[in-house]
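> sequence? don't have it. structure:
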């Protein structure tokens, strides 16, 4: 529990919507012979976004009120 709360949680990557650029279709949908593409910031492309990369999160662990109170009492009792 203590180690979980020690995590910084500030790591982040950009998804395809957060990467700059990529507003226009690279080439038309049909007739070029190439695979269809809607954006040059797709995760499959170089310079594209990351699919399931890490995002900042809070690592808050729920603790029951009685459990928390008991832990504090035990700590204070054993301090003597």
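Great, that's in hand. This structure is a prediction, so every number in the text was calculated from the model and none was measured.
> dump the residue contacts of the residue nearest to the spatial centre of the chain.
With distances taken as C-alpha atoms, centre = their mean, residue 55 lies nearest the centre of the chain, 1.8 Å away. For residue 55, the contacting residues are 12-13, taking C-beta atoms under 8 Å, 6 or more residues apart in numbering as the criterion. Heads up, the C-betas are built off the backbone N, CA and C, glycines and all.
> Helix or strand: which one has it?
Secondary structure from DSSP states H and E places residue 55 outside every helix and strand.
> same thing with residue 78?
Following DSSP H and E, one finds residue 78 within helix 65-79.
> And residue 31, by the same measure?
Using DSSP H and E, residue 31 sits in no helix or strand.
> neighbours around it, how many?
Other residues near residue 31 come to 7 when the count uses other C-beta atoms under 10 Å.
> next one: residue 50
Other residues within reach of residue 50 by the criterion other C-beta under 10 Å amount to 15.
> With residue 37 instead?
15.
> Against residue 39, how distant is the residue nearest to it when sequence neighbours are not counted?
On the basis of C-beta to C-beta, 6 or more residues apart in numbering, the spatially nearest residue to residue 37 that is not a chain neighbour turns out to be residue 26, at 5.0 Å. Distance check for residue 26 against residue 39: by C-beta to C-beta, to the nearest Å, it reads 7 Å.
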